[in-house]
Each structure stands twice: as structure tokens, then as C-alpha cells.
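**Q** What follows is a protein structure lacking sequence information:
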């Protein structure tokens, strides 16, 4: 897959990269909240939102990571069909010793979509069985163990690993960044993430990254971060 990159300066630039630039572009929805958080951090020393930087710094091998390159809505080709995995935000990070492939999945009130078994249950699955086998091979999971997991979590995590290989990175991170008002009840999607993490051998807690105890294409960390909704001032600063 050939990919061409252009610099994004404003919220409008980010919005233009969305699959549907109008449907989910509103305050409180993950697309806009993610854009405000990360565009607002561009001029910081490391280019990372403060809460994301703190999360990475808690892992010794990821401590001090800074952005070298960041791409919203990056498409990563997968076998089995023509539709790529479209990561909300992918970034190539650099620590003092290594490169890191970071995939960020933004969430607010949105779900992770359909279960894998429902994704397969279509009249003409075409290359879906081929894709599922590939995803399971990449994650070291038997196909029977992923049917009750959310399909989106499978391919977003594999995309982080594939981009690590593409960029010769030494590690990969798949982070769910959940945006909600302070004190909001747990997101319905949290349990889906817990189930996914459990299948990979991880007992997840919010606000931490966990290394997956499997031999994969690269060492892999997964995590869930709760982030606050953007203020009026934060939105105005990046509106352009």
C-alpha cells in the first residue's frame, strides 16, 4: 500500500481524513476529542498529550518516548478482502534506545462494533476466513477463542504490530484512549477490552499499559486510558 503524508495544522485538516467527515465530528465524540488532544500537544517537547506521556513513562522501555511521525486515520492493509484497518491515530515514537509503533483507538460513547462471530456471519464472507486466520496467527490466538471478542480490537492491534514491522520498530503499543466527563460511569466498551486483554493473557486495569506475554512480531503492550473532554479554550487553540 502506497501512502502519502501531508502536514495537518488544524481541526479541519484532521476532519478531512475521516471516512465520513460529518457523521461523528462533534464535541464529545471520539474523533474530535482525539484530534483536539493530540493537535494541542504538537508544540510540547515530546508531542504527546500529558496523560499519554505519563502512561508511557510508567513502562521502563517506553519511558521518554517522543513523536517522530503521527498519522490520523492511517490505513494498514490486511489480507482477505480489500478493506484496510483504519487506525484513529498511529504514531512512530522514539525513546533513547528504540522505535515504537503506537496505535491509538479513540472512544467516547462509541462501541467496538460487532463480535467476530457476527462479522463472519454474512451470506458471502469472501476473504473473511482468510483474514481471521491471519489475525489469529499474528496474535497467537486460536480462532475458537476470538469468536466472542470484538473484531475491531483484533485488527487494530494487529495493525500496530504490522506497522512496527514496516518501520523496523522494536515494540508496539495498542492504546484505547477513552474520552468522558470526570466521574462518568464505566464505558460499556470497557468490558469488551477486559475480555480481549484476558484472551491475550493480561488482567487489565485502567490507566496502565501491560505487556502481552506472547511471542509476537514485536513486544506488544496494550492499555486503556481515561482522558477528559476538551475545554472551550483547548478547542479554540487548534481550530485554525
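**A** Everything's here; your move. Since the model is a prediction, treat every value here as computed from it, not as a measurement.

**Q** So which elements touch the longest helix along the chain?
**A** Identified as the longest helix of the chain according to DSSP state H is helix 151-166. If contacts are counted by 3 or more Cβ pairs under 8 Å, 6 or more residues apart in numbering; DSSP states H and E, helix 151-166 sits against strand 66-76, strand 85-94, strand 99-107, helix 116-120, helix 128-139, strand 171-179, helix 189-199, strand 220-227. Placement of C-beta: from N, CA and C, glycine included.

**Q** angle of it against helix 189-199?
**A** Interaxial angle, helix 151-166 versus helix 189-199 (axes from the mean of the first three to the mean of the last three Cα atoms, to 10 degrees): 60 degrees.

**Q** Check which residues of helix 151-166 are buried.
**A** Buried residues in helix 151-166, defined by neighbour count with 16 or more other Cβ atoms under 10 Å: 151-164.

**Q** do you know which of the helices and strands packed on helix 151-166 lies nearest residue 28?
**A** Residue 28 lies closest to strand 171-179 among those, at 7.6 Å (Cβ to Cβ).

**Q** Point me to the residue sitting farthest from the middle of the protein.
**A** residue 123 (29.6 Å; Cα atoms, centre = their mean).

**Q** which residues are contacting the longest helix of the chain?
**A** The contact list for helix 151-166 (Cβ atoms under 8 Å, 6 or more residues apart in numbering) reads 74, 76, 78, 85, 87, 90, 92, 100-103, 105, 112-116, 119, 131, 134-136, 138-139, 146, 169-174, 192-193, 196, 216-218, 220, 222.

**Q** List buried residues within these.
**A** 74, 76, 78, 85, 87, 90, 92, 100-103, 105, 112, 115-116, 119, 131, 134-136, 138-139, 146, 169, 171-174, 192-193, 196, 216, 218, 220, 222.

**Q** what's the average pLDDT for stretch 71-88?
**A** What stretch 71-88 shows for mean pLDDT is 92.

**Q** what do you get for stretch 144-160?
**A** Here stretch 144-160 scores 98 as its mean pLDDT.

**Q** measure it end to end?
**A** 23 Å (Cα to Cα, to the nearest Å).

**Q** Report the beta-bridge partner residues of the nearest residue to residue 167 once chain neighbours are set aside.
**A** Leaving aside its sequence neighbours, residue 167 sits nearest to residue 92 (Cβ to Cβ, 6 or more residues apart in numbering; 5.6 Å). For residue 92, the beta-bridge partners are residue 69, residue 101 (DSSP bridges).
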